[in-house]
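>>> Got a predicted structure here, sequence first:
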Amino acid sequence: MNKKNKKISAGILVIGNEILSGRTIDKNISFLALWLNDNLGIKVKEVRIVPDEEREIIKNALSLSKQNDYVLTTGGIGPTHDDITSKSISKAFKKKYIYHNEAYNILLKYYGDKDFNDPRKKMAKMPSGSKLILNPASAAPGFMIKNVICLPGVPSILRSMVYNLKKYLKPGSKIYSTSISTVTVESSIARELERAQKKYKKYVDIGSYPFFRLGKIGVSIVIRSSNKLRLQSCHKTIIKMLNRKKIKIFKG
């Protein structure tokens, strides 16, 4: 397969009891999915959410690792007792759970001798052989071992780290996308969209998403493809169908 056209996939593993309890709303999934797709051509194929339980973290990290080119975990790499992601990933890949010298020195410099206590030192422990993902927001780094990338759960900190993560990721084909917003309901165009999807199934993904906007019910048709010409062809096909059925296209 031509390197240029290679499909690269990722899985996201969200770790944290606070997500499952509903006390915290996850904001990382949509950010990572958009960032991976739009910037690197890496398609997110699956998202899983697991509690702060070692067995669940190990099982799901290994499973996603085998099924995808990359796995990104969020949460559980902080200083508290329930932050067990680093230790769990160490066990998953049978690596020693040790202090990473560079991470240790970064945190020591950040906190200073007096305030660099044991809980903070814990944030420098990770699987042996890990590559660091530097953290410009709060110093405590993430890490990558094998094809698993471990990131913090705090959205603002995670977002500050993706630039330093990018160097470890091999990009796939650029994904192009376009959307058509229509003043209609899904049932009125379902068959036509199904026919279009079958026609372009090897090259294009077509999705339909209902919305309510400015007092009008409508459907956004989103077309995505790594092949720009096929995308344009599919777009024209759908526009012709909408015009034939006299369905208004929402503008603005």
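Cool, got the structure. Keep in mind it's a predicted model, so treat the numbers as computed, not measured. Numbering: from 1, shown residues only.
>>> List the contacts of the host helix or strand of Ser30.
Taking DSSP states H and E as the criterion, Ser30 maps to helix 28-35. With Cβ atoms under 8 Å, 6 or more residues apart in numbering as the contact definition, helix 28-35 has outside contacts at Ile12, Val14, Val44, Val47, Leu72, Thr74, Leu151, Gly153, Pro155, Leu158, Arg159, Val162. To be clear about C-beta, it is placed using only N, CA and C from the backbone, and glycine gets the same treatment.
>>> swap in stretch 77-96?
Stretch 77-96 has contacts (Cβ under 8 Å, 6+ apart) with 15, 17, 52, 54, 57-58, 61-62, 73, 75-76, 97, 119-120, 122-123, 125-129, 140, 142-143, 145-146, 148, 150-153.
>>> Would you mark the buried spots in that stretch?
Within stretch 77-96, the residues that qualify as buried are 77-78, 83-93, 95, counting by 16 or more other Cβ atoms under 10 Å.
>>> How far does it stretch from one end to the other?
16 Å (Cα to Cα, to the nearest Å).
>>> what's the answer for stretch 138-154, then?
One end of stretch 138-154 to the other measures 11 Å (Cα to Cα).
>>> With stretch 142-157 instead?
The first residue of stretch 142-157 is 10 Å away from its last residue (Cα to Cα).
>>> now that stretch, how far from the centre of its chain.
With Cα atoms, centre = their mean, to the nearest Å as the basis, stretch 142-157 stands 11 Å off its chain's centre.
>>> any idea of the mean pLDDT in it?
Confidence for stretch 142-157, expressed as mean pLDDT, is 98.
>>> try stretch 114-132
Regarding stretch 114-132, the rounded mean pLDDT is 98.
>>> Stretch 56-68 now?
For stretch 56-68, mean pLDDT is 98.
>>> What helices and strands are in contact with the longest helix seen in the chain?
In terms of residue count, the longest helix belonging to the chain (DSSP state H) is helix 228-244. Applying 3 or more Cβ pairs under 8 Å, 6 or more residues apart in numbering; DSSP states H and E, we find helix 228-244 packed against strand 176-183, helix 186-199, strand 204-213, strand 216-225.
>>> chain center to the second one: distance?
In other words, helix 186-199. 28 Å.
>>> same thing with stretch 229-242?
Between the centre of stretch 229-242 and the centre of its host chain there is 28 Å, according to Cα atoms, centre = their mean.
>>> and what of stretch 179-194?
Averaged C-alpha coordinates place stretch 179-194 at 28 Å from its chain's average position (Cα atoms, centre = their mean).
>>> Now do the end-to-end distance for it.
Between where stretch 179-194 begins and where it ends, there is a gap of 16 Å, by Cα to Cα.
>>> returning to that earlier point: as PDB, could you dump the C-alpha coordinates of the helix holding Ser30?
Presented in PDB, the C-alpha positions along helix 28-35 are these (Å, rounded to 0.1, in the frame of the first residue of the first chain):
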ATOM      1  CA  ASN A  28     -11.400  15.100  25.600                       C
ATOM      2  CA  ILE A  29     -13.000  12.600  23.200                       C
ATOM      3  CA  SER A  30     -14.300  15.100  20.700                       C
ATOM      4  CA  PHE A  31     -11.200  17.200  20.900                       C
ATOM      5  CA  LEU A  32      -8.800  14.300  20.300                       C
ATOM      6  CA  ALA A  33     -11.000  12.800  17.600                       C
ATOM      7  CA  LEU A  34     -11.100  16.100  15.700                       C
ATOM      8  CA  TRP A  35      -7.400  16.700  16.200                       C
END
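>>> Same question for that helix: list its buried residues.
Buried, per 16+ other Cβ under 10 Å, within helix 28-35: Asn28, Ile29, Leu32, Ala33, Trp35.
>>> quick one: pLDDT of the last one?
We have a pLDDT of 96 for Trp35.
>>> repeat for the third one
On pLDDT, Leu32 comes in at 98.
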